[in-house]
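Visitor: return a 3D structure for these sequence lines:
(chains A and B)
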Amino acid sequence: MEITLNVIREKIRKKMLYVTTALGIIVVAVFSTDMGSLTVGGRSINDYHVLLPILINVLNFLNGAIALAISCSTIPLEYERRTSHLIWSRGISQGRYHMSLTVGNLVTSWISGIILYMTLGVFAVIKGYADILGKIAVAAVFMMLYAAIICMLTSALSIRIPTLFTGTIMVIILVFGAFRNALNLLTATLTGIGAVVIKRAIRLIPNLAGISTQAGNLVQEKPLNAHVIIMALLMIWIAGLLVMIVKREEA
Amino acid sequence: MKKGGFVLYMLLGVTLVVSGFATTERGLKENDREMLYNVAEDYEELGDMGFKGFYPLDYKVAFSDSEKEILVSYDEGKCNFSERKAVYGGLVGSIYQDGDEFEVIVPEYDTWITLENLNDEPLSVVIWHEGFHAYQNSYHKAYEKVTSEVISETDLSEVVDSNIEGKKLFSEMLKVLERIITDENYGNLREIAIEYSKIANERRKLFGDEVNKSEDYYVMIEGTAYYVESQAARLENGEKLYRDNYLGTASKYAEGNAKYYRLGMLECMLLDKLAPDWKDSYGFDRTLDEVIEAYTR
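Guide: Coordinates of the predicted model:
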């Protein structure tokens, strides 16, 4: 618990959450005010009920990027500072240590996501859509799933892989996962053995777009796809297992 | 982690894996099924649109993920389906002849949704379009009636789009027809039809018989299907998007095959005003230009 709290305190000290707040205000403001107008299929969209699923996608992606940035270097830095040695002397296992650090990353990502969603809520009230606050709160649960996938996978990879490579791999996973529907469309146009291999590879990428879609479905009172949610939980479970079993040699 | 905790964690994993398998959609996916219901619902409102015997769900619909297809036969709300290897590779909206039967092939909804977000064309509208091709070829044997060789769309575009005078006259034809959809006081319909036919005939002199017949074929086959599609889209997307996406672009010359879709749709709209019962006697055995000319005499 103390290790987790230390991670959160450190991230807050590094002003990561200020960045998040600023980003949240800018993004939501651009979509919500006259500073920007969103047009889909020739229709100008400024009704929050219609805008909400789109904003959920944008905010989840942003928070995913923040979760990645937060998680990328936490574990490697602890080893670099040799803090790990102090932990071992107290008889805490590597698995538990890694998990404590990861939970610290996760909670910080969630705080960041909640700030983004609170900004959305404030703008919704200002624009006269206080009735959707409940929906925004429920959508935040899906943001937590989204951030947890990125956070856990990044933390798991960062145990053994150099930070730069972890970051690169996770940026690819984040972008491909967030645009998985577009990727499906692109690969559907391909034929041949190569296409079969690419399609299988894409299935391994977490369906982040699907998670945001479920949040959108929920706020629009459309049915949810339980499979997408279960697969997201499974992905978190796998990443969690990796965090616990992958060991670092210099420990 | 302690042994008890580890066992619990593994049990949670097993539960998630089992739940994942249990919730995997097999066979006909719910979103795809929904598209068929949408078409059936549209039909209650639109009917056969004057094309006697036309109902898109008379034909089996295959939802393809480009590797395998779920072939569905819709019968009054019930969907009977089977799985097979995809008959076409890639992203395809088309028809496929299996023995004497024509089937509609469309991408599955999960693949199509990205395109729908970009162009506002619901998958159900694609089923209307392709279903109309199935109707043309099964009810009217449209393809069998074609007596001459039809040039491929790519080869035809190369010839037609490089002819400056041909492009100019084609644009004029579109502009003349556009009047009936943009100008409430479009004047005398017969005069518009005569003016249109005059330009169309002048343009025909620029090309050989093979090109003219190929263009006639695409205008007839694709133009009428686009007309049907536009009416389904109008019902599903509403008047504004119909005006933006169909009427708003109809009079614009487009390189490639799209211009034939647009011209054919406008010709159908002219005929609807000129002779509302024109479809009663139409069997895809004459070009739309010939039908228009017949009504100007």
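
Visitor: is stretch B:224-236 up against chain A anywhere?
Guide: No: remark: stretch B:224-236 sits outside contact range of chain A, by C-beta under 8 Å from any C-beta of the partner chain, the gap being at least 11.5 Å. From N, CA and C alone the C-beta is placed, and that goes for glycine too.

Visitor: quick one: the helices in chain A?
Guide: Counting by DSSP state H, one finds helices in chain A at the ranges A:2-13, A:16-32, A:48-72, A:74-80, A:83-88, A:94-126, A:133-160, A:163-178, A:180-188, A:193-203, A:208-219, A:226-245.

Visitor: let's have these in TSV, adding mean neighbour count, mean pLDDT and distance to residue B:15.
Guide: Formatted as TSV, the helices of chain A follow (neighbours: other C-beta atoms under 10 Å in any protein chain shown; pLDDT from 0 to 100; distance: least, C-beta to C-beta, whole Å):
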stretch	mean neighbour count	mean pLDDT	distance to residue B:15
helix A:2-13	15	76	26
helix A:16-32	17	76	34
helix A:48-72	22	87	25
helix A:74-80	18	86	28
helix A:83-88	14	70	32
helix A:94-126	21	89	20
helix A:133-160	23	93	17
helix A:163-178	18	94	24
helix A:180-188	20	84	25
helix A:193-203	12	84	21
helix A:208-219	23	89	20
helix A:226-245	19	94	9
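
Visitor: among those, which is nearest residue B:120?
Guide: helix A:48-72 (13.6 Å; C-beta to C-beta).

Visitor: sorry, back to before: how about the helices of chain A in TSV, adding distance to chain B?
Guide: Shown next, in TSV, are the helices of chain A (distance: least, C-beta to the nearest C-beta, whole Å):
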stretch	distance to chain B
helix A:2-13	15
helix A:16-32	17
helix A:48-72	10
helix A:74-80	17
helix A:83-88	15
helix A:94-126	6
helix A:133-160	13
helix A:163-178	13
helix A:180-188	4
helix A:193-203	7
helix A:208-219	9
helix A:226-245	4
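
Visitor: right, and the ones you listed - which one's nearest residue B:82?
Guide: Closest among the helices of chain A, once you apply C-beta to C-beta, is helix A:180-188, at 21.1 Å.

Visitor: got the CA coordinates for stretch A:26-33 in PDB?
Guide: Output in PDB follows, covering the C-alpha atoms of stretch A:26-33 (Å, rounded to 0.1, in the frame of the first residue of the first chain):
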ATOM      1  CA  ILE A  26      -8.900  22.400 -24.100                       C
ATOM      2  CA  VAL A  27     -10.500  19.300 -25.700                       C
ATOM      3  CA  VAL A  28     -13.900  19.600 -24.200                       C
ATOM      4  CA  ALA A  29     -13.900  23.400 -24.700                       C
ATOM      5  CA  VAL A  30     -13.000  23.000 -28.400                       C
ATOM      6  CA  PHE A  31     -15.900  20.600 -29.000                       C
ATOM      7  CA  SER A  32     -18.400  22.400 -26.700                       C
ATOM      8  CA  THR A  33     -18.000  26.000 -27.500                       C
END
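
Visitor: contacts only, for residue 17.
Guide: You didn't pick a chain, so chain A it is. A:11, A:108, A:111-112, A:115 (C-beta atoms under 8 Å, 6 or more residues apart in numbering or on different chains).

Visitor: that's the wrong chain, I meant chain B
Guide: residue A:234.

Visitor: roughly how far apart are it and residue A:184?
Guide: 23 Å (C-beta to C-beta, to the nearest Å).

Visitor: same question, residue B:132
Guide: For residue B:132 relative to residue A:184 (C-beta to C-beta), the value is 27 Å.

Visitor: next, give phi and psi for the residue of the stretch 51-200 of chain A found nearest chain B.
Guide: Closest contact between the stretch 51-200 of chain A and chain B, by C-beta to the nearest C-beta, is at residue A:191 (3.5 Å). Main-chain dihedrals, residue A:191, degrees, to the nearest 10: phi -130, psi 170.

Visitor: same deal with residue B:285?
Guide: On the backbone of residue B:285 - angles per degrees, to the nearest 10 - the values are phi -110, psi 0.

Visitor: setting aside sequence neighbours, what's the nearest residue to it?
Guide: Leaving aside its sequence neighbours, residue B:285 sits nearest to residue B:145 (C-beta to C-beta, 6 or more residues apart in numbering or on different chains; 5.3 Å).

Visitor: for that neighbour, grab the count of nearby residues.
Guide: As a burial measure, residue B:145 scores 15 neighbours (other C-beta atoms under 10 Å in any protein chain shown).

Visitor: specify the local secondary structure of it.
Guide: coil (DSSP: H, G, I helix; E, B strand; the rest coil).

Visitor: please consider this matter closed, and thank you.
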